[in-house]
Every structure is written in C-alpha cells, then in structure tokens.
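Engineer: this one's structure only:
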C-alpha cells in the first residue's frame, strides 16, 4: 500500500512515549519502518526533511531507534520511484490522529488509536478462490508494472485460499480481525456480457454482501471480473492453444469471443435455458446444431425440470470444446516464461481490460518500495 503518515503521529509518538514504553503512534512508526525495511509498503513520513522539525525527528530516533528513522529518510529520497508509483495507484492510506479527516474514493483514513491491533508491518493479504489464482495474478501485476514502467516498485502479498463457497467467510474474518490490508478477487461467473448483478455467481454475491456489511474501516476491498466469466478466460490464446484437450467439431475457436465461455468444461445445455444466454451462444457458434436444446427449451417450463431432462437425454455437452479443470494450474506451472512476457497484442479486448484493471488494483494494494538505507 502507498501510506502517508501525518506529522501529528510523530508529534504524539515523541510527546507520549519513552525509550522503554512506546505509545500506539510510536508502535505504528516502528511497524511501518519494518515494512519499509522489507519493501512491504511505500511509506512517506510528513516533514522528514523539513529543518523546522529536525529536533522532532532526533527525539523520535531516540524512541524507536535512529536506524528506523533513517529507513524513512532513505525511502523519501527515492522520489523518482515513489513519485511514479503515486501516479499509478487508485487509492492511498493516510495515517493520522485528526478526527475530522474522513475517507474518500482516493484516500483511506486510519486513526491508529481506533485500529489498535492493526499490523502495519505485514504485507497485504490477497484473497482468491484458489492459490493458483494468486500465482496467476502475479503475472498481471508484472504486466501492469511493465506497461507503466514501474521497474523500481515491489509487490508483496500473502496469498490466502478463500475457496469458492467459503470466500465470503474468509473475507468477513479479515474485515473483523482488522490486522491486515486485504484485497479479494472473484470470478463473476457471468454466462453472457449483459448479465445483471443478480445473475452473477454465488461466490461474488456472498462476498459483495459481506463486504458491504463489515468493511466499515475500508481496510479490505473486493474486485470482480466483470468482463469475463472466470479467471481461466484471462489466459491468452497463445497459451490455450498448447493445452487444448477437446475440439471434436474442429471449431476455429481462436477467432471467437470466449470471454464468457466455460474454458474448463465447455458449453453445457444446462446453462442455456434463459433466452438471453441461449441467443448469445447460438450467435457465437453458428456451426453448432442447437435443435435438440431448443426443442426442450420450448417444451419445458421449469429450469430444474429442463436440467434433469437434458442430463437424462445425454445432450448436455453442446459444444465439445474445452481445456479441463486444471488448465489454470497447468498454465501457471508450465507457461511461466510465456506469462511473464505477455504483450498487449496477445490479449483480447476483454482480457486487456481485466489484465490492466486487476493489475492496477493489485498493484495499488500490494505495492512496496525499499529504502536506500
């Protein structure tokens, strides 16, 4: 995270701490210095080069240690690097004792006396449905850094496995624990581009409700992939082409819009009951005969009954084009070099949007910079 520390924190640390007894402000400064040492966050301390406050920082050095104050100075001297970082994040943290300051769209205001157990020295938690997701997202952050020439910046995070059905529970735990910054990223599970919020998958909808209810201090954020169905839809075609498991109809899939296609298991008749979804996929695959599906759709009035009949009649596999349930982990393990060198030309328009947006959000919440010291 990009963190600014206001002068009232330093003043309070000096006024109300001793070398043997740190108050909360001094404790936070010590934690932040450890973060700078590891490059876990970008931390700018107000007035650190202002000669007017030279004595103040000399006193702070006696309380938390000169080496830790020097870490703040060393980072502040890397103006070119943190200045570039500040231009490519969408929110920052301000640590202050000013009770009048309120959070906004671009600032998260934290009073350390309110969040008395927050561990500022620890990296951000990245919460995903599977650990392979978090590994894959490292490449999106790298892509974002390359696009914006952010070579000096680090990205540090702790990957947490939220699962699908339980992700909202882990997110709720993090929001109530108030120990870390956290960003959760979920699939939308949309079946077609214009799907409404109520048509998104359960994983996201449950996480959305939890986030809205418990994130009062804004230490956690939630991102959903609106331009694709699942994370597998973010894998470039250049990589998918090497790992195709089934293409019985010899479909020219490379030229098709597959942002909402089930990459793992293929298009299933069960998902085609609603007219909007059915019409969308019929247009995408004109070479496929949907006649059997359409007959059942016109005869059966309830979706549950329709799904039972589809399964019983053995017509669920409408488009036999798929890559298997392990395609993401396969890409992460076997295509590391390719993923590290993905260019904008290899991405579809939807992938470009998501690679950039996820990269930006992850960079914002996990950026770090080491001190020169």
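Structural biologist: Received, thanks. This structure is a prediction, so every number in the text was calculated from the model and none was measured.

Engineer: just the strands in the stretch 51-200 of the chain please.
Structural biologist: 92-95, 107-110, 124-128, 154-155, 157-161, 182-186 (DSSP state E, counting those that start in this stretch).

Engineer: looking at those, which is closest to residue 354?
Structural biologist: Shortest distance between residue 354 and those, using CB to CB, is found for strand 182-186: 10.3 Å. In short, each C-beta sits where N, CA and C put it, glycine included.

Engineer: direction included, what does the closest one pair against?
Structural biologist: Looking at strand 182-186 with DSSP bridges, its partner strands are strand 124-128 (parallel), strand 220-224 (parallel).

Engineer: following it, which helix or strand comes up?
Structural biologist: As assigned by DSSP states H and E, the chain's next helix or strand after strand 182-186 is helix 202-214.

Engineer: residues touching that following helix, excluding its own?
Structural biologist: With contacts defined as CB atoms under 8 Å, 6 or more residues apart in numbering, helix 202-214 is touched by 129, 164-165, 167-169, 171-172, 175-176, 184, 186-189, 197-198, 220-222, 224.

Engineer: only the buried subset of these, as a ChimeraX command please.
Structural biologist: Of the contacts of helix 202-214, the buried ones can be selected in ChimeraX as follows, counting by 16 or more other CB atoms under 10 Å:
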select :129,167,168,171,172,175,184,186,187,188,189,220,221,222,224
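
Engineer: just to revisit the earlier point, can you redo the strands of the stretch 51-200 of the chain as a markdown table with mean pLDDT?
Structural biologist: Converted to a markdown table, the strands of the stretch 51-200 of the chain look like this (pLDDT from 0 to 100):
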| stretch | mean pLDDT |
| --- | --- |
| strand 92-95 | 98 |
| strand 107-110 | 98 |
| strand 124-128 | 97 |
| strand 154-155 | 94 |
| strand 157-161 | 94 |
| strand 182-186 | 98 |
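
Engineer: related to what we said a few turns ago, would you turn the strands paired with strand 182-186 into JSON lines with distance to residue 16?
Structural biologist: Output for the strands paired with strand 182-186, formatted as JSON lines (distance: least, CB to CB, whole Å):
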{"stretch": "strand 124-128", "distance to residue 16": "29"}
{"stretch": "strand 220-224", "distance to residue 16": "30"}
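
Engineer: do you know which of those lies nearest residue 333?
Structural biologist: strand 124-128 (16.6 Å).

Engineer: circling back: and residue 54, which of the strands paired with strand 182-186 is closest to it?
Structural biologist: Across those, residue 54 has its closest neighbour in strand 124-128 (33.3 Å, CB to CB).

Engineer: returning to what we had before: so which of the strands of the stretch 51-200 of the chain comes closest to residue 273?
Structural biologist: Closest to residue 273 of the strands of the stretch 51-200 of the chain, according to CB to CB: strand 182-186, at 23.8 Å.

Engineer: isn't residue 309 right up against residue 300?
Structural biologist: Yes. Between residue 309 and residue 300 a contact is recorded at 6.2 Å, counting by CB atoms under 8 Å.

Engineer: ok, back up a step: who wins for proximity to residue 315 among the strands of the stretch 51-200 of the chain?
Structural biologist: That would be strand 182-186 among the strands of the stretch 51-200 of the chain, by CB to CB, at 30.8 Å.

Engineer: can you get me a residue count around residue 158?
Structural biologist: 15 (other CB atoms under 10 Å).

Engineer: nope, residue 37 is what I meant
Structural biologist: Neighbour tally, residue 37, other CB under 10 Å: 17.

Engineer: what's the pLDDT at the closest residue in space to residue 168 that isn't next to it in sequence?
Structural biologist: With sequence-adjacent residues excluded and distances taken as CB to CB, 6 or more residues apart in numbering, residue 168 is closest to residue 206, at 3.9 Å. On the pLDDT scale, residue 206 is placed at 97.

Engineer: coming back round to it: let's have the strands of the stretch 51-200 of the chain in a markdown table, adding distance to residue 193.
Structural biologist: Shown next, in a markdown table, are the strands of the stretch 51-200 of the chain (distance: least, CB to CB, whole Å):
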| stretch | distance to residue 193 |
| --- | --- |
| strand 92-95 | 33 |
| strand 107-110 | 32 |
| strand 124-128 | 23 |
| strand 154-155 | 30 |
| strand 157-161 | 29 |
| strand 182-186 | 18 |
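
Engineer: dump the residue contacts of residue 81.
Structural biologist: Counted by CB under 8 Å, 6+ apart, residue 81 has contacts 152-153, 369.

Engineer: what is the nearest of the residues you listed to residue 21?
Structural biologist: Nearest to residue 21 among the contacts of residue 81, with distances taken as CB to CB, is residue 369, at 30.7 Å.

Engineer: re earlier: least confident pick among the contacts of residue 81?
Structural biologist: On pLDDT alone, residue 152 ranks lowest of those, at 85.
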